[in-house]
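Asker: coordinates for the following, if possible.
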Amino acid sequence: MKRIIIISDTHIGTIEKLPPKVLNALKEADIVIHAGDADTLNFIDELEDICKCLYAVKGNCDLGSKLPVKLVEEIEGVKIGVSHGTGNYNNVVDRMYYMFSEDDPQIIIFGHIHEPLNEEIEGVWFINPGSTSLNRTLSNGTYAELTIDNGSFQVKIECA
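Answerer: Below you'll find the predicted structure:
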């Protein structure tokens, strides 16, 4: 079983500015996924120092970053696609679906819209953790917790 914490759109320079609940969850997770817009390479470096395993992608605000734009990983028998997303917020799910259409993932993780999403669409589970601090729809920040066990998974959106 793997416990995965998913964050995105942190837009802060240091992990010290993360809410304590989020920071503790990151330290305890088996895997951490950052779906882009850390804003600084320093933030990603700090995450690598505290996380057991980190996967991160480049967001539209991660200028100069050498992080990949897209990742596809298989974890505990579940294929996961990760990318930040760009452009108009209204059809970002469609663009993510198209981006990963040849990879056939069971889960697509993305950021960009600063709103949490945890929904199955056309047979694919879409997860957006929202933003840990700059959430557009909630007063509190959010993150996602994904638990995978032998090919099955559960997702929870948590308040920061």
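Asker: and Ile107, how many neighbours?
Answerer: Neighbours of Ile107 under the rule other CB atoms under 10 Å: 23. Backbone N, C-alpha and C define where each C-beta goes, glycine included.
Asker: hmm, I typed the wrong one, I wanted Ile127.
Answerer: 26.
Asker: how about it: what's its closest non-neighbour residue?
Answerer: Once flanking residues are discounted, Ile127 sits nearest to Ile109: 4.9 Å by CB to CB, 6 or more residues apart in numbering.
Asker: for that neighbour, give me its contacts.
Answerer: 6, 33, 35, 80-83, 127-129, 144 (CB atoms under 8 Å, 6 or more residues apart in numbering).
Asker: tabulate those in JSON lines, adding columns for distance to Asp103.
Answerer: Output for the contacts of Ile109, formatted as JSON lines (distance: CB to CB, whole Å):
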{"residue": "Ile6", "distance to Asp103": "18"}
{"residue": "Ile33", "distance to Asp103": "16"}
{"residue": "Ala35", "distance to Asp103": "16"}
{"residue": "Ile80", "distance to Asp103": "10"}
{"residue": "Gly81", "distance to Asp103": "6"}
{"residue": "Val82", "distance to Asp103": "11"}
{"residue": "Ser83", "distance to Asp103": "10"}
{"residue": "Ile127", "distance to Asp103": "16"}
{"residue": "Asn128", "distance to Asp103": "18"}
{"residue": "Pro129", "distance to Asp103": "20"}
{"residue": "Ala144", "distance to Asp103": "20"}
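Asker: show only the entries of these found in strands.
Answerer: Of the contacts of Ile109, the ones assigned to strands by DSSP state E are 6, 33, 80-83, 127-129, 144.
Asker: about what we covered before: give me the pLDDT for the residue nearest to Ile127.
Answerer: Reported pLDDT at Ile109 in the predicted model: 99.
Asker: partner residues bridging it?
Answerer: Val82, Ile127 (DSSP bridges).
Asker: quick one: it from Asp49, how far?
Answerer: 22 Å (CB to CB, to the nearest Å).
Asker: measure the residue nearest to Ile127 to Val82 for me?
Answerer: Taking CB to CB, one finds Ile109 at 5 Å from Val82.
Asker: shared neighbours of the two, anything?
Answerer: In contact with both Ile109 and Val82: 33, 35, using CB under 8 Å, 6+ apart.
Asker: all set now, cheers.
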